[in-house]
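Peer 1: Starting from these lines, generate the structure:
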Amino acid sequence: MRNGFTKIDDDKRIRSRAGNCLMSYGLSMLLPCPSVVEMAALHGYDFIRIDCEHALLSYPEIRELMAAARLLGIPCQIRTPDLANITALLGQEPAGIMIPHVESREEAQTAVDCCKFAPCGRRGMDGSARHMRCGGMKREEYMEYANRTMDVIVQIESREGLLHIDEILSVEGIDMVATGRADLSQELGVPGKKNHPDVIEAENRIIRKALEYGKIPTIAADSEARIAELAAMGVRCFLIGKDETLLSGAIKENLEKIRRFPL
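Peer 2: Numbering: from 1, shown residues only. Coordinates of the predicted model:
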């Protein structure tokens, strides 16, 4: 905390945790409900990721979720469908920006240029970022801080992305690499079969390449066996569920439990 200003501790940041070989587990959020952020933080999740690609969230809703995460001290990543209005979004200081469907070096470089300041990128510069407006940081101090703490995450989930993976991952300023098994299954001719051997091998290749280039893999995993397998490969950051799916399952299980009770 700086002059009463809430700040995520460096040791809670996913990049720092991965560097210390600590496991990080995140929750994907599609519901515009700050209470879900609170529950994730209270129950020990290490980060949340607001999925603006697959959920129709308004900017006020996103801002409210980010404010809740900030006050609770849990890192908040944003999965954005594109880079439109990215400067305003970055001004709210997410822990990371995830860009889906990255297929070329040019697209990866554009992401870095938009999200990071010089000398790494060309992020738009003004005085409205929270640490400058509310926390008292000088511009030069903030630029260094933002580049150090805000992660650029590229998602590779297509044949084109696999084809150009070395070019993509060679871009300076990319911090994390995600996969997308659902989209990969379509690309590889087995639509919907996320656990098909070809899809798993494609994901494993992306992970091996990410580690080779010194990037942090951040992988969605839906089973304990897969998490153990990925951990053995060196993965330290996992997305382990969606709020909507977990809530639906709990509601269903609650009713089924009562109906199983003999009356």
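Peer 1: Which positions within the helix or strand of the chain with the lowest mean pLDDT qualify as buried?
Peer 2: Least confident helix or strand of the chain, by mean pLDDT, DSSP states H and E, is helix 130-133 with a mean of 78. In terms of neighbour count (16 or more other C-beta atoms under 10 Å), helix 130-133 has its buried residues at Arg130, His131, Met132. Placement of C-beta: from N, CA and C, glycine included.
Peer 1: Also stretch 201-217?
Peer 2: Those would be Ala202, Glu203, Ile206, Ile207, Lys209, Ala210, Leu211, Lys215, Ile216, Pro217, for stretch 201-217 by 16+ other C-beta under 10 Å.
Peer 1: State the separation between the next helix or strand after the least confident helix or strand of the chain and the centre of the chain it belongs to.
Peer 2: Counting by DSSP states H and E, the next helix or strand C-terminal to helix 130-133 is helix 139-149. Relative to its chain's centre, helix 139-149 lies at 20 Å (C-alpha atoms, centre = their mean, to the nearest Å).
Peer 1: One more: stretch 160-178?
Peer 2: That offset, for stretch 160-178, works out to 16 Å (C-alpha atoms, centre = their mean).
Peer 1: Keep only those of the buried residues of stretch 201-217 that are in strands.
Peer 2: Ile216, Pro217 (DSSP state E).
Peer 1: Pick out the most distant pair among the buried residues of stretch 201-217.
Peer 2: Based on C-beta to C-beta, the longest span within those runs between Ala202 and Ile216 and measures 18.8 Å.
Peer 1: Skipping adjacent residues, who's closest to Ala202 in space?
Peer 2: Setting aside the residues directly before and after it, Ala202 is nearest to Leu184 in space (C-beta to C-beta, 6 or more residues apart in numbering), at 5.2 Å.
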